[in-house]
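> Everything below, folded, please.
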Amino acid sequence: MRNIVASVLVAGALTGLVAPAQAAGKDCASEMKRVEAAMPANQDAGKSAMARAELKIAAEKAAKKDEQGCMTHVGNAEKAMK
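Sure, this is the predicted structure:
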């Protein structure tokens, strides 16, 4: 029972993280372009490689029409650049 409750809470939290970006009218394709545009400014090769890997996964999710998964990986790419 505890596992079910924990799963529901985690799923709700993840949805809460992605929902504000979607509510603001941001779609995954535009967010991917924004993060890609910011990437050349990043001089750290390790961070850049991690961000590019996350963007690749985001593109795969977008191709599968998984907007939430795509936004999650775009967010991960953005965090990797910091």
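
> check which helix or strand covers Ala51.
helix 45-63 (DSSP states H and E).

> Just list what that helix packs against, helices and strands only.
helix 28-38, helix 67-81 (3 or more Cβ pairs under 8 Å, 6 or more residues apart in numbering; DSSP states H and E). Every residue, glycine included, has its C-beta placed from N, CA and C.

> Show which residues not belonging to that helix make contact with it.
Helix 45-63 is contacted from outside by 28-29, 32, 35-36, 39, 42, 67, 69-74, 76-78, 80-82, using Cβ atoms under 8 Å, 6 or more residues apart in numbering.

> want to throw the helices and strands packed on helix 45-63 into a markdown table with mean pLDDT and distance to Arg52?
Converted to a markdown table, the helices and strands packed on helix 45-63 look like this (pLDDT from 0 to 100; distance: least, Cβ to Cβ, whole Å):
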| stretch | mean pLDDT | distance to Arg52 |
| --- | --- | --- |
| helix 28-38 | 92 | 9 |
| helix 67-81 | 94 | 8 |
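
> now those in CSV, with distance to Lys47 and mean neighbour count?
Shown next, in CSV, are those (distance: least, Cβ to Cβ, whole Å; neighbours: other Cβ atoms under 10 Å):
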stretch, distance to Lys47, mean neighbour count
helix 28-38, 12, 16
helix 67-81, 6, 20
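
> And the pLDDT at Thr15?
Turning to Thr15, the model gives it a pLDDT of 48.

> oh sorry, the question was meant for Met1
For Met1, the pLDDT comes out at 47.
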